[in-house]
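*Asks:* Fold the following, please.
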Amino acid sequence: MPDTTLAISTTGTRPSNHGPAKKRPGRRPGSPSKQLRVQEMLSYLAAALPHGTSPEARLLALQCALRTDNHGWARLPAGLLKGMRLRYDQPIWEELEQAHWLRLQRSSDGRTHRRPITVHLLDAVTHTQAPSRADRRQAADWALRVTASPHLGPQPPTTRLTLLALTTHHSSGAGQFNIESDRLYRECGLEPDALVQALDQLILAHVITRWQFSQDGEDLKWNPAPQ
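*Replies:* Residues are numbered from 1 along each chain as shown. Presented below is the predicted three-dimensional model:
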């Protein structure tokens, strides 16, 4: 199981506006970790998908992007959506198709959800990346384990996506972590109220212990729950 145990105070003050995102340091030398690979892909999807894209569609897009081959085709194994705690739902796929991000290969007998799902990603960026396909698949499996963590119980996709975004910025050995508020909003595609609700749900799930926005509202700080 990955290091997914993250919890934060429900009394934090939320920021009054979304300022421009700060520039982040470049990619560190060597092969990026699974966490960093997912972090980079969430940032990519924040720019590639419309802001109003649902958390369900974002989680699905992440798996597609990380599992694609060098020609833009991704084959999702049967049962993946169930493992993600998502049901086969045509509107989720239609969201990504309407965003002109992928094309779903539909089954003629209407049993697509019972078979491996094949999609063609229309954005070349997702399949011309430097990391090998094996590295990206390992990152996809890591993200799946985070969002399907038994610690979460029956939490909605909004909470699961928020946990994933936080976890990509979580490294062992530190007592408190922080992420730029604007970046978290963009990566999750959430408005402030929805993000606050998701953070509170993570506390109730004993995944984080407290959270708060910085005084200027630019950063979100949180504490992981004891392991």
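
*Asks:* make it CA atoms for all contacts and neighbour counts henceforth
*Replies:* OK.

*Asks:* The helix or strand of the chain with the lowest mean pLDDT: which residues count as buried?
*Replies:* The helix or strand of the chain with the poorest confidence is helix 80-83; it has a mean of 74 (mean pLDDT, DSSP states H and E). Of all the residues in helix 80-83, those buried under the rule 16 or more other Cα atoms under 10 Å are 80, 81.

*Asks:* tell me the SS of residue 65?
*Replies:* Assigned with DSSP: H, G, I helix; E, B strand; the rest coil, residue 65 falls in the helix class.

*Asks:* per-residue confidence for it?
*Replies:* We have a pLDDT of 93 for residue 65.

*Asks:* How much space separates it from residue 170?
*Replies:* From residue 65 across to residue 170, the span is 22 Å (Cα to Cα, to the nearest Å).

*Asks:* And those two? Which one has more around it.
*Replies:* Neighbour count, other Cα atoms under 10 Å: between residue 65 and residue 170, residue 65 has more, with 26 against 23.

*Asks:* Can you list the residue ranges for strands in this protein?
*Replies:* Using DSSP state E, the strands of the chain run over 73-76, 102-104, 117-121, 177-180, 208-213, 219-224.

*Asks:* For those, give me CSV that also has distance to residue 40.
*Replies:* As requested, these are exported to CSV (distance: least, Cα to Cα, whole Å):
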stretch, distance to residue 40
strand 73-76, 19
strand 102-104, 19
strand 117-121, 17
strand 177-180, 14
strand 208-213, 23
strand 219-224, 19
